[in-house]
Every structure is written in structure tokens, then in C-alpha cells.
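Asks: All I have is the shape, not the residue letters:
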């Protein structure tokens, strides 16, 4: 019988020392904790925050950006604070951002979506008209393909937020793209759709029809409310499991054609120069990836040797997470983690592993396998095909080095 | 073949009239919509909102309270704007509130949770210590048993928000209550737990041990971030599927005993005087309920006869939603709705029904059946047992009256 199968063995009370001792004497009397000021007064009423905000004690839980990553903040990215991320839903206020031309402020009354090109009945829809169509709600992650970009050549940023924070997961509500294309009526040989945004950059990406007719959503809802301005208000495209940039924000046009457009974004921006000098484009799918979110550089082990629950997030652009394995010795041995909560397709999946830390240095890793059998690769395996200097597609296994004092560092194993 | 099975038949483009006509001519040229100001300028950068906010055009999407319902706002309730609720996740900023003594502001450094009474090892835990225990994440609704209270005698409030808005659904992250009770070690005959909050009201409720050892969570996370002050920051109890008030907020003590405590809250507040003069207590489970969220009094049919998607929410405190039926004629005939998205236990479930409205008055209803076979009752069925003047447990079928001009009213069928 393994330690994790036994009940009541965490016994952290004893490990917690002074507090627990104080506890025993005090709690044995049955008396509650002494009354703090908030227990002896009236709090604020229901009219004080018609739209709520986090506690003032949570001011450190914010999106952050890397000042040297981009010359301006309107063509930049901000990162989700995964070190403080509980569960699989990313709160809208903390969902990572990536702008090519800043965050526009769009009046929904002026919003229009055009569906044009090789269709029988072109459409120009207001937001109210768009919302008349049948809608669906699905929980999916969106990840920037540049998530982990700085870590291609070596471990550079000693941070979970900056190495993995260009991802978020939300419930998206909107109309299936297939419904709108049915409504417009595809002409023969309609094999591609160009999605264009209405931000200053006019961000545009070509999408193959097979994906458009599968699971794409023209979305207006995110986690129960209107999509926020930084996520594409009032309407964005959601392309489940594919690169963040094809989930075009502030969507204004869907143009149907016979061939991909090969736009400036698709040549200068979202293609990859490989080690052999060739350029690789249309690498849409975000392959399976995982990361341990506790412990991590921002959240070290503060209590000395003893029980800790390792937890983290896993995902795959190709479907469901099948299993996650944990290594405590840099990938020599692996132990099966527990998948916790809903396991949904193209969605963050939470995993946990109960660890009795002996206080010695350790190299902890998580490795996901998705339902297609794809196994998350090591950075060495990635380097063989991609070389050392790409920007995108770094889905390699992350190693956190745990030191005897509980400090956690980002390292790469050679 | 029913209308709903055929493809491309919504043909709303033609119904939309002027816009669609303008569209056809314009879109046929393949030209995108003319450039609006936000397409010709830089937007705001990633440093401008480290914690995001809704669009300034969404100022009408807020929690609201009923001024005459309570003499003060610190012993009152605010309601989730279900008329603008997309999907099953309620954003934290819009999650309904119910205070007995206002919303306290608690410094997490001063937070303590005491586990005492009939246990071998009483515990007094700091927040950091509590978070050392193994955690789980689960998506569950929380509903106040007074949700719909005003509608017991008659249809009174012409509003979805005020008749059904004391419910929200979120992903809750925390430690299982069973883990903490195992850790403390239950003594023989420990059959009840008293949960007490640290707000000024010291809100407390007795819970039977069988539920405590089943699926209760001592939670610190809500939808990916720290629980907000109005929801119990830093820690609340989550008792899946049971009355909102037993999900004690600002949790400070869990006391183990042999009998229920029968506290003031359980006699003066959360018990129900029945029609026959007897008082009913400990009615914990929120029985199956559903409501159509579009159309509703706040969201009428604005486009004349034609296609509309009816959508709504269903839930059960006893498990999963099995099916939802829609009536368009006040309960004479029913048609099966489609369940959309994840169907999880004790969680909001979204349903949809495609409706070709003929422009005539209609009486629309939804009726849920849960996995136990329980069928949502009519208000007439409820009146037989409960009388006409209770406060709690109104889970009856809601009737919306649709008039020829598209107006929607709250009505009760006699």
C-alpha cells in the first residue's frame, strides 16, 4: 500500500509546530478563535459593489509584462499569474493579453461582422443580429504559440508566470462558425476562410474549411459575461486548441476563398525559421503541454521537509488529456499523477501528486500524454528538429529545481 | 424531419431586412466594413489594466438589490443578472450576495480556522497551513433557498434577475472537509459538524456527518482566483447542492458533535412555517429547478416573428440534470430541449431550444428532470404542500408570457 492510499496520514498539525501546539490547548476548550474586529462590526452592504472586485489583500495577483520583450506596450504581451491560478478557469481579469496594435474600445452599437467571398448570401450582421443565431458554450484554453519562447536556448526567466503564462482557459459562448457559413451558403471549392480583426493591425489569419466546419465559435461570451476589451470585445473567433493568434479578436470579417491568403502576419510573424534554414508556416495546433504550478519559482516550499501536494495544469490542442506523470529526479523515474476535476477536450486539466519531501534537492517535472498518444517532449528532443533559436511551439517538459532550503529555480537539463 | 434537424434554414439574413440588403450589395464586392476610428489608431497597451475590467459599454450588467426587501443593505441580498449570463460559469464580479451582517474585510494573515469538539487532534490553522493540504477543484452552483421567495403567493416581480438571480455557479478550489476531519481524527459518535462564520452575525449551521464526509470543500479559490470578500474571503465552506446559507462564508470554526445544534439561524431564520402550522427545518437540498433566460422580461423578442433560440439554465442539488422540456403553451405540450456543454453534478447546465415564433402570444416554460427522476413541479403542486406564504424552496416551473409585440411578462397560471 502506497503512502498516498492511506487515510489521515498528512499529520501536518504536528509539523506546523507552535501553532498546532497552541491550538490543541485552546481548541480542546471548544472556544472559537478570539473575535477579530470584523467579527464585531457590520461589514459593507450589497449596494457597495454592483460589480465585484478582488480583496484588497490580493493586489499582487495581476497580469505582468516583460519590459524588455517589446519596444512598446501596445505591441506586447502580458502573462497570466499561473502561480496564483486555482483550478482550470482563468478569471477574465487575469487572462493573458497579446496585442499587435493595442486594445481598441469598440461601441457594440457600431459593431458589424461581414461574411463575404465565395458564399451565396453575403451577410453584414449587427451584434444583436449575430446573437439571434443558435449559440453554444464550451470551455477551451487559448495559448499563444510564443508561450515559453524565451526558454528555447536556455532557462532564462526564473518564473512560472513568464515562462508559461501566455495561456488562459475560459467558457466561450457564441455561434458556431459552421452555422454562419451554412447561413451564408458556401460556393463550390470553398476551402479556406480569412478571419480579420478590426484593431489597428487588422490582424488576419487563413483557416482551412475543415476546422471552420468542426468546432470554431464566433464568440461574444467569456466566463458568463461579455468578452472583455482585451480579449476581443464584442466578438472574437475561438479556434479550439489552435494557436492563440488564429483566435482573431475584435473580429470584423470572415472571407471565404479557395486558397490560403499567405498574409503578412503569416509570413513575417507566424512562421518559423528552422535550424536547416527552411521556413515552417501554418503550425496551428498547440501540442500537448503541462507544467507544475506548485511548487514553482514564485511559490517555494516554506515549511521544511514533509507533505506537499504538487499540482499543475496539462492541456492538448488535439483533444483530452489522457494521463500526467511526475518525476522527482529530472526524468529518470516517473509516477502517475491524479487528474482532478473535469477532463474536457482542448481544455486545461488539473493534476495533483502527493509528495512527502525528504528535504533534499530534487528536479521535479510533469509530462502529459494526450488521448492521441502524443507524449510531451523534452527540450533536447525539441532542439533536434527546431534548433535552439525558434520563437514558437516550445511545449517541452519544464524542470523545476528544488533546493534544500525550499527555493525553486527554473533549470534546463543538458 | 423536424425543422431543427435541417441545416441552413435559419435564413435570418433575409429577416433582418434593410441591413441584410445593404449587406448583399456591399459584401458581394468583398470589401470589408469601412474602417472605424478604432481600426485607424493604436489601442491601450498591456500595462494599462494589470487586473482587467468589463467594457465601459457593459455598465448595465451588474448585481442589483430590491430596495424594499430589507431595511438595511448589510442584511440584504443582491441578484445575479441572469438575463446577461452567458454559459454556466458566473463571473465572480456578478455572483449574487446574501449578507446577515455585511461583507467583512479580512486580512488573510490574521485568518485562522479552528477544528474542534469531538476530535482527537484539534487544529488551529493559518491560511498557509490550510493550503498545504491536498486540494480539489469542482464546478458547483450555490443557490439561496429564498431564490423566488417573492413569487410564492403570485407573480410579483416582472424580472428574471429578481425572481431567479440568487444563484451563481463557479469552480471552487480547496481541501475536502473529509481530509480535515480525517486529520483531526473523529471520536466515536461524531455525527454532526457546526460550521461558523467570522462575520458580525457569526452565521452558523449544523451539518450531518454523512454530507461532510462526502463532497464538501473548505474552499479558498473561486473561478481561478482567491474567493472574493463578498463570497467569504479568504475561506468559505462549499456544500454542493445544498442551501446557500449552509455554505458558510468567512469560515472560522468547524466544531464536531453528536447532535445538531439548533442555532438561532436554524430556528428563527432557516426553518419554514407550513400551511398546517408546523415548522419544517433542515431542508438542505436544493431540488431540481430550471428557468428560461432568453427570452425573459428583461430581454424581449425584438425582431418580429421568425427564428429565436430559447436558452436557459437547469440544475439539481441531487446530481446531474437528465433532461429539460420546453412548453410553448403553458404546460399543455412539451418538447425536448438540447443540453449544451458540460453536464456536471450539482452544477448549472445550459439548455437550448430552436423556436420559430409565429408572432402569436405564447406561454413558455422549462421543466427539468434530474438523474434521480425528480421532475420540477408547478407552482400549483408546490402550493398544496407549502401553502401560499412560505419564503424558501420555490423551485416551481416559471411561466413567461410572450405577447404579440415581443414583450415578455412574468405570470402564474391558475
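Replies: Perfect, thanks for sending it. From a predicted model like this one, the values you see are computed outputs, not experimental measurements.

Asks: what's near enough to touch the one residue sitting closest to the centre of chain A?
Replies: Centroid check for chain A by C-alpha atoms, centre = their mean gives residue A:167 as the closest residue, at 2.4 Å. For residue A:167, the contacting residues are A:80, A:82, A:90, A:96, A:141, A:142, A:143, A:144, A:147, A:315, A:348, by C-beta atoms under 8 Å, 6 or more residues apart in numbering or on different chains. Every residue, glycine included, has its C-beta placed from N, CA and C.

Asks: cool, and residue A:367?
Replies: A:290, A:324, A:325, A:326, A:327, A:331, A:334, A:375, A:376, A:397.

Asks: what kind of secondary structure is the closest residue to residue A:331 other than its chain neighbours in?
Replies: In this structure, residue A:331 finds its nearest non-sequential neighbour in residue A:365, 5.8 Å apart by C-beta to C-beta, 6 or more residues apart in numbering or on different chains. Three-state assignment for residue A:365 (DSSP: H, G, I helix; E, B strand; the rest coil): strand.

Asks: before we move on, what about residue A:248?
Replies: Secondary structure of residue A:248, reduced to three states by three-state DSSP: coil.

Asks: how far away is the residue nearest to the centre of chain A from residue A:188?
Replies: 39 Å (C-beta to C-beta, to the nearest Å).

Asks: How about the residues of the stretch 151-300 of chain A by chain B?
Replies: Within the stretch 151-300 of chain A, the positions adjacent to chain B are A:170-173, A:179, A:182-185, A:196, A:198-200, A:202, A:220-226, A:228-230, A:233-234, A:250, A:252-253, A:255 by C-beta under 8 Å from any C-beta of the partner chain.

Asks: Go through those and flag which are in helices.
Replies: A:179, A:182, A:183, A:184 (DSSP state H).

Asks: Dump those to TSV, plus neighbour count, distance to residue A:134 and pLDDT.
Replies: Shown next, in TSV, are these (neighbours: other C-beta atoms under 10 Å in any protein chain shown; distance: C-beta to C-beta, whole Å; pLDDT from 0 to 100):
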residue	neighbour count	distance to residue A:134	pLDDT
A:179	19	6	97
A:182	15	11	95
A:183	22	10	94
A:184	23	15	95
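
Asks: What subset of the contacts of residue A:367 is buried?
Replies: Buried members of these, counted by 16 or more other C-beta atoms under 10 Å in any protein chain shown: A:290, A:324, A:325, A:326, A:327, A:331, A:375, A:376, A:397.

Asks: Touching, the third one and residue A:336? I think so.
Replies: In other words, residue A:325. Yes: using C-beta atoms under 8 Å, residue A:325 is in contact with residue A:336, at 5.9 Å.

Asks: picking up where we left off before, buried ones only from the residues of the stretch 151-300 of chain A next to chain B, please, as a PyMOL command.
Replies: Buried residues among those (16+ other C-beta under 10 Å), as a PyMOL selection:
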select buried, chain A and resi 170+171+172+173+179+183+184+185+196+198+199+200+202+220+221+222+223+224+225+226+228+229+230+233+234+250+252+253+255
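
Asks: my guess is residue A:365 meets residue A:333, correct?
Replies: No: checked against C-beta under 8 Å, the pair residue A:365 and residue A:333 is beyond contact range at 10.5 Å.

Asks: Which one's more surrounded, the two?
Replies: Each of residue A:365 and residue A:333 has its neighbours counted (other C-beta atoms under 10 Å in any protein chain shown); residue A:365 has more, 23 against 10.

Asks: That one: what's it in contact with?
Replies: Applying C-beta under 8 Å, 6+ apart, the residues near residue A:365 are A:292, A:326, A:327, A:330, A:331, A:397, A:398, A:399, A:400.

Asks: Could you tell me which of the residues you listed belong to strands?
Replies: Using DSSP state E, A:292, A:326, A:327, A:399, A:400 are the members of the contacts of residue A:365 that sit in strands.

Asks: of these, closest to residue A:264?
Replies: Of all those, residue A:399 has the smallest distance to residue A:264: 36.9 Å, by C-beta to C-beta.

Asks: can you list the domains in chain A?
Replies: Chain A breaks down into these domains under automatic domain parsing: A:73-281, A:289-411.

Asks: so how far is the shortest one from its chain's centroid?
Replies: Translated: domain A:289-411. Domain A:289-411 has its C-alpha centroid displaced from the chain centroid by 15 Å (C-alpha atoms, centre = their mean, to the nearest Å).
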